[in-house]
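Q: Predicted model and sequence follow; I will ask about them next.
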Amino acid sequence: MIKTIRVINILTVLFCIAGSLFAQRTVTTINDGWQFAKEGEAWKTVRVPHDWAIYGPFDRNNDLQIVAVKQNGETVATEKTGRTGGLPFIGRGCYRTTFNVADTTQRSVTLVFDGAMSNARVRVNGREVIYWPYGYNSFHVGVDSVVRTGENTLEVDLENFERASRWYPGAGLYRNVHVVNTSRVHIPVWGTYVTTPYVHNDYASVVVKTDIVGLKKAEKVRVVTEIVAPDGTAVCKSDKMYVNHGQGMTQNMIIEKPQLWSPDAPWLYTAITKVETEEGNVIDTYKTRFGVRDIKYIPFKGFFLNGKLTKFKGVCNHHDLGPLGAAVNKSALRHQIELLKDMGANAIRTAHNMPAPELVELCDEMGMMLMVEPFDDWGFRPKSPNGYGRFFK
């Protein structure tokens, strides 16, 4: 009996190790359980996404400037106010929460921030893991060196400076925060890049470039990518061995009779990429959604989508949601796009920043072309003295 129990225990340990090695990625979005304190105030419970400044109070002194607007031909500085809504977005705030990691053995943990306004300092278990000044673009950081099995603490300090923006930027963790748990060998955040270099009604070529991290030199894995059509059926597949020599890998496929993406017919395909051991155990799965479409700019003719002359009928759209503030809300964004579609729009230019991932997803789904304007200014001639131009030359 004792020998039998020992055998069972050994088998249990081996099973746990195998489960840890070959477990799929998990992505946990942390919405609840956050504590927030603005500088000099008490801690309170909030839900992320969260915009601390939308609660007010309004005050013209919050965005009062004495400037001459050269674009308007002004030569004498006068009082200007209202550009940022008179909301108190300037100042410091801190967020803290906890997250659990079931097992750090042969696993890798990454934190992904869809946007944090701004000058984010992120600490895990008391150690700073990244400083990220720009408030609009997503960023991620690996925390394998500081994370531990069980409960981990996460703290995010944020600070908005005076005269850092020409419009209302919001404040705080105004977009989602995710914990990505993968095996040691995995596809990193944004680790695939899909293009359709040739598009025709009869067929389209698809190129999937994939990065794989965590492999030792000369270690082998099998990479299987399957393209799934909008109706859920598999239309093509690539199965290749990959040997790590410090480079990514490329897979080429053909889709017969593709359904082409357009504002009137926003068909979307999905590339499902699986990383497998030589023995066939799946250690990671990564999905990339994309549209099959051909775009050309022809001088003196214009913009062509799928061979058809297409006019941009669009808007320049700021990221805030009016009285809801800057905190991202997918339902509100969907309603916004529906209103724009109803009035005849087919394009959005993000003004003047990188958009939330939810906006990109909805534009793909709802047939809205998207022009991303990533920055408002840079070091050569900054429009805001304390804007991102202090960092980006």
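A: Okay, I see it.

Q: ok, residue 244 - contacts?
A: The neighbours of residue 244, taking CB atoms under 8 Å, 6 or more residues apart in numbering as the test, are 212, 215-221. For every residue, glycine as well, the C-beta is placed using N, CA and C.

Q: Find the nearest non-adjacent residue to residue 393, please.
A: Nearest non-adjacent residue to residue 393, counting by CB to CB, 6 or more residues apart in numbering: residue 379, 4.0 Å away.

Q: Equivalent analysis for residue 285, please.
A: Counting by CB to CB, 6+ apart, the residue nearest residue 285 is residue 274, at 5.1 Å.

Q: What strands line up against the helix or strand hosting the one you found, and which way round?
A: For residue 274, the host element (DSSP states H and E) is strand 269-276. Next to strand 269-276 in the sheet, as set by DSSP bridges, lie strand 220-228 (antiparallel), strand 282-290 (antiparallel).

Q: Mind telling me what element residue 238 is part of?
A: Per DSSP H and E, residue 238 falls inside strand 234-243.

Q: Send me that strand as CSV with only the CA atoms.
A: The C-alpha trace of strand 234-243 is given here as CSV (Å, rounded to 0.1, in the frame of the first residue of the first chain):
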residue,chain,number,x,y,z
ALA,A,234,-10.9,26.5,-42.3
VAL,A,235,-9.7,27.6,-45.7
CYS,A,236,-6.0,27.0,-45.7
LYS,A,237,-3.2,25.8,-43.5
SER,A,238,0.6,25.9,-43.1
ASP,A,239,2.6,23.4,-41.0
LYS,A,240,6.3,24.1,-40.5
MET,A,241,9.2,23.1,-38.2
TYR,A,242,11.0,26.1,-36.7
VAL,A,243,14.5,26.0,-35.4
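
Q: Each with direction, which strands does the helix or strand following that strand pair with?
A: For strand 234-243, the following helix or strand on the C-terminal side (DSSP H and E) is strand 249-256. Listed by DSSP bridges, the sheet partners of strand 249-256 and their directions read strand 203-210 (antiparallel).

Q: can you pull the buried residues of the strand it pairs with?
A: When neighbours are counted by 16 or more other CB atoms under 10 Å, the buried residues of strand 203-210 are found to be 204-206, 208, 210.

Q: what's across from the residue nearest to residue 285 in the sheet?
A: On the basis of DSSP bridges, residue 274 is bridged to residue 224, residue 285.

Q: That one reaches residue 280, doesn't it?
A: No. Taking CB atoms under 8 Å as the contact criterion, residue 274 and residue 280 are not neighbours in contact, 10.4 Å apart.
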